[in-house]
Structure formats: structure tokens, C-alpha cells
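>>> test case, fold it:
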Amino acid sequence: MSNNEPPEHLHLLSSFEAGWEGLNLLYEIEPRDETPEMYMGRHFIVIALDNFRASYMLNESWQQVDYAKGDIAIIPASQPFPRTQIDREVPLVELFLEPAILNRVAGESVAAYTELVPQWHIRDPLIQHMGLALKAELEASGADSRLYAESMATALSVHLLRRYSVRQQQIKNYTGGLPKYRLREAVNYINEHLDHNLTLAEVAASVQMSPHYFASLFKQSTGLTPHQYVMKCRIDKAKQLLLKRELTLVEICHQVGFQSQSHFTRVFREHTKTTPKVYRDAL
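Residues are numbered from 1 along each chain as shown. Now for the predicted structure:
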């Protein structure tokens, strides 16, 4: 590498190839480097996985921030990410949230202000947990992580609006669960489309509800998030299909909506404490 070439940004994990919509994740090794000012076009959240110092060019002067593991920065989509210097190589989890997702959730609040306030150095255990959970899900599930990521995007948007918007949001707390007929419609839709790469938006649309509204009431009605319920239904159907000896494990994997057999095996083991093959052999 010549002296004129910038240091490499080593991307260890990226959701951009996994089909995530609305929220994406990048796990990278940020080099000791200087980056120019740039517009992300998305709300940008950085979670430090180790200690480092960042120097930001803000208001025409350098401002230093010392980050420890778990510290977070939030830069709204409406503002540029400033010219930045990093003093050492450091691993980061970066989240990219589409403004449309935040706007959609804000549209369900009492006062729909969607402008976020920049946060250059905060501790927020919930955001940290969300980022690490998304990273773990992407590592384990790959393309099968879409529904999980979409559900997390809604939860993250609610949290950002409540804590870091220009005006504190009064997000409605939905209570009472889904009406029985809508719960039945949603469950039927899920079971009829288990072989698809289901999204929260699709399931919510099947009962004419917004994703946030639907997810809140669905969990009250079933005790499970939509993602958890879909996984349960997939494993229940897989158990039925394992009775059919003519079907291969790969065929069953695809018929219950898993794109990866390793992910199918992992989730099956989580629910049954055994693998699909061992389960079938014991029948």
C-alpha cells in the first residue's frame, strides 16, 4: 500500500448483503486514520467495542472525545458526519437506520417530531444490547435474520424518539392485545407463508396495521414477539414434516422458510434440545 492510499477499513460483518430493510449493521475494524466530512443519508449509530479517542471538526475547531468500550455516538441523518481523526485501530459496531422507519413510528406518536439531537458521547445499555444482539443474529442466521432486524428497527426507533428527539416523544403504549379475529388472521397468514422470508411489515399489512402497532399488540396477545412466534411455527411445522420420510432435511429446511440448513439446525436445537436428524431417527 502506498503512502497516498488510505488505511483499509476491514469489514468483518455486513448486513447489506443479507437483505435487511430499514436498518443495517456493519461490524468493522476502524483504522487509525482521518475521514472527511460526509453525509450518511441515514441515522448513524456507532457503538465502541474498545477504548479510543476521536477528534471531530465541529464549529471549525477540533473537539476530542475519549470513548470506552460500550460508549455510543448518534449522528442524525439530517447532519453530516464531521471530519474525524481516530487515534488507534478499534472495532466498531455501526447501525444505519433509514429516516423513513423513524418517521413511520413517529407518525404514531402524539407529537410527531422526528428530528434527533446529535449525541457525541453517551452510555445507553439498551442501544448497546440491541447492537450486539443484531450482530449476533446476523452472524448466526445470515439472510434468515431479516425479520429479527426489522422488529429491532421498530424498537430502536421508539427508543430514539423517546430519548434523543428534539422534543420528547409521547409514543402510544398500546394495550389490550389484538382483537381475536385479527390475531387469527395474522396467525393464518404466518402459517400460510412459513416458506417465505417473512417480514414484520408484510404480516402487519395482512391485518391492516402499522408494524409498531401490530408488534406491540401481538406480543400482548401471544406472549411472543412476531419473530419469536414465526420461529416457533417453523419448528412446529418442521416436526410434522420430519414424519414424512420421503422428504430430505434440506427440503424440510426450505419448506419452513430457512435459507440455511445450519440456521435451521441451530433454531431447531434451541427449541427441542436436539437436531432435526436425531429427532427424526427417534420417531
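>>> quick one: contacts for Glu30?
His9, Phe52, Ile86, Glu89, Val90, Pro91, Leu92 (Cβ atoms under 8 Å, 6 or more residues apart in numbering). Any C-beta I mention is one placed from the backbone N, CA and C, and that applies to glycine too.
>>> can you do 6 Å?
Contact analysis of Glu30 by Cβ atoms under 6 Å, 6 or more residues apart in numbering lists Ile86, Val90, Leu92.
>>> Pro276 too?
So Pro276 contacts Leu249, Phe268 (Cβ under 6 Å, 6+ apart).
>>> phi, psi of it?
Here is the backbone geometry of Pro276 (degrees, to the nearest 10): phi -60, psi -40.
>>> worst-scoring helix or strand of this protein, pLDDT-wise?
Least confident helix or strand, the chain: helix 99-106 with a mean of 87, by mean pLDDT, DSSP states H and E.
>>> check which helices and strands that one sits against.
Counting by 3 or more Cβ pairs under 6 Å, 6 or more residues apart in numbering; DSSP states H and E, the packing neighbours recorded for helix 99-106 are helix 146-164.
>>> flag every buried residue along the least confident helix or strand of the chain.
For helix 99-106, the neighbour count (16 or more other Cβ atoms under 10 Å) marks Pro99, Ile101, Leu102, Arg104, Val105, Ala106 as buried.
>>> stretch 202-222 now?
202-204, 206-207, 209-219, 221-222.
>>> below-threshold pLDDT in the stretch 1-150 of the chain: ranges please.
Within the stretch 1-150 of the chain, the segments meeting pLDDT under 70 span 1-7, 108-114.
>>> what segments of it are strands?
Residue ranges of the strands in the stretch 1-150 of the chain, as given by DSSP state E, counting those that start in this stretch, are 10-14, 23-30, 34-35, 43-48, 52-58, 61-67, 72-75, 84-86, 90-97, 119-122.
>>> phi, psi of the nearest residue to Thr265 once chain neighbours are set aside?
Excluding its sequence neighbours, the residue lying closest to Thr265 (Cβ to Cβ, 6 or more residues apart in numbering) is Thr275, at 5.5 Å. The phi/psi pair for Thr275 (degrees, to the nearest 10) reads phi -90, psi 160.
>>> could you count how many residues lie near Thr275?
Thr275 has 15 neighbours, counted by other Cβ atoms under 10 Å.
>>> now do the contacts for Gly22.
When contacts are counted by Cβ under 6 Å, 6+ apart, Gly22 touches Glu98, Ile101, Ala153.
>>> quick check: the last one touching Ile101?
The one in question is Ala153. Yes: under the criterion of Cβ atoms under 6 Å, Ala153 makes contact with Ile101 at 5.2 Å.
>>> tell me how far His194 lies from Ser145.
You called it His, but residue 194 is Leu. Separation of Leu194 from Ser145 (Cβ to Cβ, to the nearest Å): 16 Å.
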